[in-house]
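[1] Mind folding the following:
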Amino acid sequence: MKYELPDELTVECDGPIRIVEINRPDELNAVDKNLHWALANVWRQLSADTEAAVVILTGAGRAFSAGGDLDWVTSFLDDPAARDESIREGAEIIDEMLRFPLPVIAAINGPAVGLGCSIAVLCDVVLMSEKAHLADPHVAVGLVAGDGGAAFWPLLTPILRSREYLYTGDRISASTAVELGLATRTTAPDDLLPEARRLAARLAAQPAQALRDTKRVVNMYLSQALGGPMQAGFAAEVATMQTAEHRDRLVALRKNASRQKEPTR
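    Next up, the predicted model:
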């Protein structure tokens, strides 16, 4: 099957296994307009691939995904139509992942931040390199964590533990992520993809209908529990996108990031 996706998201076919790679390594796989669209649309294409049985989701280079691309996100400050489209598409990503019938194994090779973190924990199995970490820094830039963290983490973690990380945006190490319930298990960095492939091969050999329907039933709990909080989260995120505090924080963050990219003399 031919996948119709931009270069920012690639699909490798290995028998019944599909390896989906977030492919902006020079930008730490930060999500820009093209990648955001691809993450919303890849799941329907994978569902239509009759030879696929299991999906591995990972990142190219040093990161899984560093979250929203700062140039793209900053453009929303003066483009409400683009901002609203990004929110609609963000909700589509989550909905498509929850409805996707095949098991998805996240192979978290490096930082998974913001939307990258939300996508990671929506997967069925989350394998993390011992050098990887999670973080949801929405609040630190004046936003509600509407695209997953505030609505989804309380279903997976003790609320008293997850609040601190959501409120501060602090990094969650791989071992702590497993302890909290945000990841399945850790691996040595070099073992991450081989272990993901071994698990994918094992799942691909399982009876297909039994596996798919088991996932469907499990995800019913998630979909039902997420209905109200997710809608409220996205609405609150849109509201905070329009605040002066968010604008100031985002502009300062982008300036700082730009300075760090400047070559030294």
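[2] Please make it C-alpha for all contacts and neighbour counts, starting now.
    Fine.
[3] List the contacts of Leu134.
    Pro111, Ala112, Val113, Cys117, Arg171, Ile172, Ser173, Ala174, Ala177 (Cα atoms under 8 Å, 6 or more residues apart in numbering).
[4] now the strands: where do they sit in this structure?
    9-14, 17-22, 54-59, 104-108, 112-113, 125-129, 133-135, 172-173, 185-187 (DSSP state E).
[5] What ranges does this structure have for its helices?
    Listed in chain order, the helices of the chain (DSSP state H) span 33-48, 70-75, 80-99, 115-121, 149-156, 159-168, 174-180, 192-204, 208-241, 244-261.
[6] gap between Pro154 and Ile56?
    25 Å (Cα to Cα, to the nearest Å).
[7] Could you do Pro194 as well?
    Counting by Cα to Cα, the gap from Pro194 to Ile56 is 11 Å.
[8] Could you check which of the two has the larger neighbour count?
    A count of neighbours by other Cα atoms under 10 Å puts Ile56 above the other of Pro194 and Ile56, at 24 against 12.
[9] ok, Met230 - how many residues close by?
    The number of residues packed near Met230 is 22, by other Cα under 10 Å.
[10] Distance check, it against Trp153.
    From Met230 over to Trp153 the distance is 11 Å, taken as Cα to Cα.
[11] excluding its backbone neighbours, what's nearest Met195?
    Slight slip there: residue 195 is Glu, not Met. Distances taken as Cα to Cα, 6 or more residues apart in numbering place Thr187 nearest to Glu195, at 7.9 Å, with adjacent residues excluded.
[12] wait, the one you found sits on Glu130?
    Yes - applying Cα atoms under 8 Å as the test, Thr187 and Glu130 come out as touching, 5.8 Å apart.
[13] Settle it for me: which of these two has more neighbours?
    Thr187 (22 against 19).
[14] about what we covered before: distance to Gln242 added to the strands of the chain, as a markdown table?
    Shown next, in a markdown table, are the strands of the chain (distance: least, Cα to Cα, whole Å):
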| stretch | distance to Gln242 |
| --- | --- |
| strand 9-14 | 30 |
| strand 17-22 | 29 |
| strand 54-59 | 31 |
| strand 104-108 | 32 |
| strand 112-113 | 22 |
| strand 125-129 | 34 |
| strand 133-135 | 23 |
| strand 172-173 | 28 |
| strand 185-187 | 38 |
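[15] and Val54, how many neighbours does it have?
    There are 25 residues near Val54, going by other Cα under 10 Å.
[16] The one 3 residues further on too?
    Residue crowding around Leu57 was assessed by other Cα under 10 Å; the count is 22.
[17] Return the residues in contact with it.
    Ile19, Val20, Glu21, Ile22, Val104, Ile105, Ala106, Ala107.
[18] Any stretches of this structure with poor pLDDT?
    261-265 (pLDDT under 70).
[19] Could you pull up the contacting residues of the spatially closest residue to Pro101 that is not a sequence neighbour?
    Distance criterion Cα to Cα, 6+ apart; nearest residue to Pro101, sequence neighbours excluded, is Arg212 at 5.6 Å. Going by Cα under 8 Å, 6+ apart, Arg212 touches Pro101, Leu102, Pro103.
[20] and the gap between Val113 and Asp26?
    Where Asp26 is concerned, Val113 sits at a distance of 16 Å (Cα to Cα).
[21] Pick out whichever of the two has more residues nearby.
    Using other Cα under 10 Å, the more surrounded residue of Val113 and Asp26 is Val113, with 26 against 11.
[22] On the strand side of things, show who the more buried one bridges to.
    Counting by DSSP bridges, Val113 is bridged to Ala135.
[23] Which residues are in contact with it?
    Counting by Cα under 8 Å, 6+ apart, Val113 makes contact with Ser65, Ala66, Gly67, Leu134, Ala135, Asp136, Pro137.
[24] what's the closest of those residues to Gly149?
    Lowest distance from Gly149 to these (Cα to Cα) belongs to Asp136, with 6.8 Å.
[25] Fine by me, we can end here.
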